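> Okay, here's the prediction I keep looking at, along with the sequence it came from:
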Amino acid sequence: MSSAKVLLVVLIGCFQLLVQGDEHNHKYMTGEEVVLWMNTVGPYHNQQETYKYYSLPFCKGPKEGISHYHETLGENILGVELAFSGLDIKFRMDTHNTVYCTKTLSKKDVGLFVYAIKNHYWYQMYLDDLPVWAIVGEEVENEFFVWTHRKLEIGYNNDRIVDVSMSIEKKVPVTPDTELEFSYEVIWQPTETHYEKRFEKYLDASFFKHKIHWFSIFNSFMMVIFLVGLVAMILMRTLRKDYQRYSKDEELDDIEKDLGDEYGWKQIHGDVFRPASSSFLFSTLVGTGCQLCFSALILIMLAVMEKLWTERGSILTTAIFVYASTSPVNGYVGGALYSQLGGKRWIRQSLFGASFFPGLVCSTSFFVNFIAISYHSAKAIPFTSMIAIAAICLFIVLPLTMIGTSFGKNISGALEPPCRINPVPRQIPEKRWFMEPRFIALAGGVLPFGSVFIEMYFIFTSFWAYKIYYVYGFMLLVYAILAIVTICVTIVCIYFLLNSEDYRWQWTSFISAASTGFYIYLYAVYYFVFKTKMYGLFQTVFYFANMFIFSIGFAIMCGTIGYIACRIFVYKIYATVKID
């Protein structure tokens, strides 16, 4: 009987926990506690240079503290540092002007506030996962003032919070021995706004759906139509003439062939399928690029279907686990290509393929994290998060990559080229400077960059300024446009390269498409200089380090798309021509 009572008590307790309102289920009953979290504080122009809220001499409310745990890995990495405000807020119960703490300023406190006001510091708070921002103080005629009163106006619809706004009042001069009285008031207001639309107030539709954005999409779409038509017309007519010429050559006897003026891509049929140099690195890059392409596509589609931007760190957390789950793609493509190129050390290739891009990201992040720690910034990644990332790489990414490599080398690792490879490499004839692989590689990324650079402006602004990127349908369309433009441009470049009797098409196709990442990084430099007001060592290093990772990943993606398209093209044209 006693055990039955215990079980009943446990069930009642579990039921109470289930019906209790909080910020996790976003449902409250009248009088239930609503938690106001203080997040970070930092310069307005340096969005990523953030510090813990209580690093400034603010004081907490009298209510007992509530420990916060980081719910996602993305929160940890993004530097979310929630601290309980100590303010007593009850659902649908107004709070009149109430002083919750007092603070007597020392010379050190004055120095901190003055520095924060000079650098336009502002802070962020969260109430039921809704963000609220406010400035620390202001400077008036060389005098510094701090705002001490916060007026919260909270909108609710039935049992849900759907809107939060805050106004700041009562500016007090910042001088030594001044006693600051921090106060707050809460006003609850019913509203007809639906819970599902409560984040729409944070979206800048006039910015993201501007005519320029629509025009850039239309312009890129027209570029795709033009390029596809141009490639189809040029290649079909040119290749038809090539096939006719080569067919006529087949009817000539050996003496006439020797006296004839033979030229073109058919002459290098014995070398065009020669394995690329540095096959170990090449297969790793292509495998990594395939994984990045699939990860980006899946992440964009998830963002289109689900509002990932409404939850703190959800996009980053999703990106990490999507990348880890697509590791077999890396292993399969990299292992198959490495085997086709004659590689034998597939275990080493698998290890390198699994660690190449994560190692690049982690090493760059470690360098930035070292600077963040020296600045005592909230952006410093905790040691536990580093352990979590390492565990994901060791126990998820690595095994899945090795499984994919095993399948790749056994299933697709024995692809035979349509032409026999000559034992001695053919000498590459001299050609004009604009037909050299170096020029082709540099010029190949111009048009792909031109198709996405407007979208890059919106993406950069959402990440480096105070905008929330939510038009992932646009991003998906631009992603498709980028792939098509990259394919068309790279195929044309490689056709001209082969027609000049240069068989070094593998690396040239990859680098010519990958050069798009180089132009992306140049645009990032332009954006930093002319479109932002960032300053300081930490923000500058953080910006260029992250743009370096983004540009490298972008380059590997485009390079892979270009190589795979050219591989299909080269195999197709040489399989059609009759070779003795």
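Received it, and whenever you're ready, just let me know what you need. Numbering: from 1, shown residues only.
> residues contacting Thr95?
Thr95 makes contact with 88-89, 184-186, according to CB atoms under 8 Å, 6 or more residues apart in numbering. Backbone N, C-alpha and C define where each C-beta goes, glycine included.
> Give me the phi and psi for it.
With angles defined as degrees, to the nearest 10, Thr95 sits at phi -120, psi 120.
> and it, what are its bridge partners?
Val186 (DSSP bridges).
> Likewise for Lys171?
Trp147.
> Would you check that it makes contact with His149?
No. At 9.0 Å, Lys171 does not count as touching His149 under the criterion of CB atoms under 8 Å.
> which neighbours do these two share?
By CB under 8 Å, 6+ apart, no residue touches both Lys171 and His149.
> so where's the stretch 201-350 of the chain shaky on pLDDT?
Low-confidence segments of the stretch 201-350 of the chain (pLDDT under 70): 242-243, 245-263.
> Show me where it has its helices.
Along the stretch 201-350 of the chain, counting by DSSP state H, counting those that start in this stretch, helices occupy 205-208, 211-250, 254-259, 279-305, 314-325, 327-340, 346-374.
> Throw those into TSV and include distance to Tyr466 and mean neighbour count, thanks.
TSV is the format used below for the helices of the stretch 201-350 of the chain (distance: least, CB to CB, whole Å; neighbours: other CB atoms under 10 Å):
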stretch	distance to Tyr466	mean neighbour count
helix 205-208	11	12
helix 211-250	18	14
helix 254-259	70	9
helix 279-305	19	21
helix 314-325	16	18
helix 327-340	35	26
helix 346-374	20	18
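> To Lys103, which of these lies closest?
helix 346-374 (27.8 Å; CB to CB).
> what about the closest one, distance to the chain center?
Taking CA atoms, centre = their mean, to the nearest Å, one finds helix 346-374 lying 16 Å from the centre of the chain it belongs to.
> next SSE after that helix?
helix 383-392 (DSSP states H and E).
> where do the strands sit along this structure?
For the chain, the strands defined by DSSP state E occupy 36-43, 51-52, 83-84, 95-104, 121-127, 130-135, 137-140, 143-157, 160-173, 179-190.
> The longest one versus strand 179-190: what angle between them?
Between strand 143-157 and strand 179-190, the angle formed by their directions is 20 degrees, by axes from the mean of the first three to the mean of the last three CA atoms, to 10 degrees.
> buried sites along strand 143-157?
144-152, 154-157 (16 or more other CB atoms under 10 Å).
> circling back to that earlier point, mean pLDDT lowest where, among the strands of the chain?
Ranked by mean pLDDT, the strands of the chain end with strand 83-84 at the bottom, a mean of 90.
> Direction included, what does it pair up with?
Under the rule (DSSP bridges), strand 83-84 has strand 36-43 (antiparallel) as partners.
> Can you get me a residue count around Gln48?
Neighbours of Gln48 under the rule other CB atoms under 10 Å: 21.
> For it, give its distance to Phe548.
15 Å (CB to CB, to the nearest Å).
> Who are the contact partners of Thr72?
Here Thr72 is in contact with 311-314, 317 (CB under 8 Å, 6+ apart).
> if we go to 6 Å?
313, 317 (CB atoms under 6 Å, 6 or more residues apart in numbering).
> With the one 3 residues further on instead?
Counting by CB under 6 Å, 6+ apart, Glu75 makes contact with 312-313.
> where's it relative to Gly313, distance?
4 Å.
> How about Phe321?
12 Å.
> From Ala465, how far out is the residue lying closest to His45 once chain neighbours are set aside?
Leaving aside its chain neighbours, His45 sits nearest to Lys533 (4.2 Å; criterion: CB to CB, 6 or more residues apart in numbering). Shown here: Lys533 relative to Ala465, a distance of 10 Å by CB to CB.
> now Leu112
Where Ala465 is concerned, Leu112 sits at a distance of 26 Å (CB to CB).
> ends of stretch 412-429, how far apart?
Terminal residues of stretch 412-429 lie 34 Å apart, using CA to CA, to the nearest Å.
> Kindly reformat the helices of the stretch 201-350 of the chain as TSV containing distance to Thr95.
As requested, those are exported to TSV (distance: least, CB to CB, whole Å):
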stretch	distance to Thr95
helix 205-208	33
helix 211-250	43
helix 254-259	96
helix 279-305	38
helix 314-325	31
helix 327-340	51
helix 346-374	37
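> Now do Ala555, the pLDDT please.
97.
> Wait, it touches Gly517, no?
Yes. Between Ala555 and Gly517 there is a contact under CB atoms under 6 Å: 2.6 Å.
> distance between stretch 334-342 and the chain's centre?
29 Å.
> Now do the same contact list for the spatially closest residue to Thr284 that is not a sequence neighbour.
Closest residue to Thr284 apart from its sequence neighbours, by CB to CB, 6+ apart: Gly353 at 4.7 Å. If you count contacts by CB under 6 Å, 6+ apart, Gly353 has them with 284, 287, 330, 334, 401.
> Okay, Asn422 and Tyr503: tell me how far apart.
With CB to CB as the criterion, Asn422 and Tyr503 are 10 Å apart.
> Find the residues that touch each one of the two.
Contacts common to Asn422 and Tyr503, judged by CB under 6 Å, 6+ apart, are Asp271.
> quick one, which of those two is more surrounded?
Tyr503 (21 against 12).
> doesn't Asp271 make contact with the more buried one?
Yes. Assessed by CB under 6 Å, Tyr503 is found in contact with Asp271 at 4.2 Å.
> nearest to Gly408, of the helices of the stretch 201-350 of the chain?
Once those are compared by CB to CB, helix 327-340 is nearest, at 3.4 Å.
> quick one, that closest one and helix 279-305 angle?
Using the same axes, to 10 degrees: helix 327-340 against helix 279-305 is 150 degrees.
> can you give me the offset of helix 327-340 from its chain's centre?
24 Å.
> what's the answer for stretch 551-569, then?
The answer for stretch 551-569 is 18 Å, by CA atoms, centre = their mean.
> and if you look at stretch 449-463?
Taking mean C-alpha positions (CA atoms, centre = their mean), stretch 449-463 and its chain are 12 Å apart.
> now swap in stretch 271-284 and tell me
29 Å.
> again with stretch 401-408
The mean C-alpha position of stretch 401-408 is separated from the chain mean by 26 Å, CA atoms, centre = their mean.
> And for stretch 411-427?
38 Å.
> what's it in contact with?
Counting by CB under 6 Å, 6+ apart, 269-271, 273-274, 336, 339-340, 574-575, 579 sit against stretch 411-427.
> try it again with 8 Å
Contacts of stretch 411-427 (CB under 8 Å, 6+ apart): 268-274, 332, 335-336, 338-340, 501, 503, 571, 574-575, 579.
> what is the mean pLDDT for it?
Rounded mean pLDDT across stretch 411-427 is 81.
> Which one of Leu112 and Ala465 is surrounded by more residues?
With neighbours defined as other CB under 10 Å, Leu112 and Ala465 compare such that Leu112 has more, 18 against 13.
> which residues sit in contact with Glu430?
Glu430 neighbours (CB under 8 Å, 6+ apart): none.
> again with Ser295
Applying CB under 8 Å, 6+ apart, the residues contacting Ser295 are 319, 322-323, 326.
> could you redo the last one with a cut-off of 10 Å?
Listed by CB atoms under 10 Å, 6 or more residues apart in numbering, the contact set of Ser295 reads 319-327, 329-330, 553, 557.
> And the residues you listed, which two are furthest apart?
Phe321 and Met557 (18.9 Å).
> Need the residues touching each of Lys533 and Ala465.
His45.
> mind listing what Ala441 touches?
Ala441 touches 493, 497, 507-515, 518, 559, counting by CB under 10 Å, 6+ apart.
> Return the distance of the residue lying closest to Thr405 once chain neighbours are set aside relative to Lys344.
The spatially closest residue to Thr405, leaving aside those adjacent along the chain, is Gly335, at 3.4 Å (CB to CB, 6+ apart). The spacing between Gly335 and Lys344, counted by CB to CB, is 12 Å.
> Appreciated, that's everything.
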